[in-house]
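Novice: what follows is a predicted protein model with its sequence.
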Amino acid sequence: MNYPEIENRLGYVFKDKGLIKRALTLPSFDPEDNNQVLEFFGDAILEFLVSERIYDEDKTEGELTERRKQLVSDSALTPVSEELGLAGFFIRSKGDTVLKKSVPSAYEAVLAAIYLDGGMDAARSFVHRTLPFKPANTQKNYKGELQEWLQGAGKPLPEYVRENTGTPQKPLFRSSVNIDGITFTGEAENVKTADQLAARSALGYLNRR
């Protein structure tokens, strides 16, 4: 594993390199010593840190619960993990296809590894630095940025394919956009947010090339 590169992406240097190695080891490679327990721990740490960060926003309990859900859901963590390039460092068996769940789960496992190595302040700094905490009305317009990027590169404008994968009681929309033969997706409870998440994922890939 290229420790300097992954540490540079994370903005954190590990004292115990074994922790970040374990955080990126999938069960297909090692059924015993993998990132599943770190993922479990990181999920709890993430919920606490996000709750702490948004606690003083002028919202009701129900609104805060929904806000936290939007920040810690798999659909929210997937583009964050993709921007960090975590999947590129996965330790997995040959022929193992990276499961969709593995990408957001890696963020939680890495967070737990940072907490165990550097404490709560280091974990808090990582979360504040990597998650999009700005309120929705001040969020960046990723769809607009993606369109500008593609226009500037002389490429076709993006076309979004949308699918309702939820239920009437609990809608869930998946939006997909294909860039250079690669499909990027976003999932949310409304089409607008799903489009933005898909565009954000695509931009993360384009800006890393």
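Specialist: Ah, there it is.
Novice: in this structure, what spans have low per-residue confidence?
Specialist: Applying pLDDT under 70 to the chain flags residues 95-99, 135-139, 168-169, 209.
Novice: try 80 this time
Specialist: Applying pLDDT under 80 to the chain flags residues 1, 30-31, 58, 93-100, 134-140, 166-171, 189, 208-209.
Novice: which one in it is furthest away from the centre?
Specialist: Here the chain reaches farthest from its C-alpha mean at G154, the gap being 28.7 Å by C-alpha atoms, centre = their mean.
Novice: would you list the phi and psi of that one?
Specialist: Here is the backbone geometry of G154 (degrees, to the nearest 10): phi 70, psi 30.
Novice: what distance do you get for it to A198?
Specialist: As defined by C-beta to C-beta, to the nearest Å, G154 lies at a distance of 22 Å from A198. The way it works is simple: take the backbone N, C-alpha and C, and place the C-beta from them, glycine included.
Novice: likewise for P158?
Specialist: Taking C-beta to C-beta, one finds P158 at 9 Å from A198.
Novice: so for the two, which sits in the more crowded spot?
Specialist: Ranked by neighbour count (other C-beta atoms under 10 Å), P158 and A198 place A198 first, with 31 against 18.
Novice: which residues does that one contact?
Specialist: Contacts here follow C-beta atoms under 8 Å, 6 or more residues apart in numbering; on that basis A198 touches 160, 175-177, 184-186.
Novice: what is the nearest of these to S102?
Specialist: Nearest to S102 out of the contacts of A198 is T185 (C-beta to C-beta; 14.7 Å).
Novice: list the contacts of the helix or strand where the closest one lies.
Specialist: Per DSSP states H and E, T185 falls inside strand 182-188. Contacts of strand 182-188 with the rest of the structure, by C-beta under 8 Å, 6+ apart, involve 70, 73-75, 78-79, 165, 172-178, 193-202, 205.
Novice: where exactly do the strands run in the protein?
Specialist: Using DSSP state E, the strands of the chain run over 160-164, 173-179, 182-188.
Novice: any idea of the angle the shortest one forms with strand 173-179?
Specialist: Per axes from the mean of the first three to the mean of the last three C-alpha atoms, to 10 degrees, the angle that strand 160-164 makes with strand 173-179 is 160 degrees.
Novice: now the angle between strand 182-188 and strand 160-164, please.
Specialist: Using the same axes, to 10 degrees: strand 160-164 against strand 182-188 is 40 degrees.
Novice: give the pairing partners of strand 160-164; include direction for each.
Specialist: Take DSSP bridges as the rule and strand 160-164 pairs in its sheet with strand 173-179 (antiparallel).
Novice: now the partner strand - C-alpha only, PDB.
Specialist: These are the backbone C-alpha positions of strand 173-179, laid out as PDB (Å, rounded to 0.1, in the frame of the first residue of the first chain):
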ATOM      1  CA  PHE A 173     -34.600   8.200  -6.600                       C
ATOM      2  CA  ARG A 174     -31.500   7.000  -8.400                       C
ATOM      3  CA  SER A 175     -29.900   9.300 -10.900                       C
ATOM      4  CA  SER A 176     -27.200   8.200 -13.300                       C
ATOM      5  CA  VAL A 177     -25.000  10.100 -15.700                       C
ATOM      6  CA  ASN A 178     -22.500   8.600 -18.100                       C
ATOM      7  CA  ILE A 179     -19.200  10.400 -18.700                       C
END
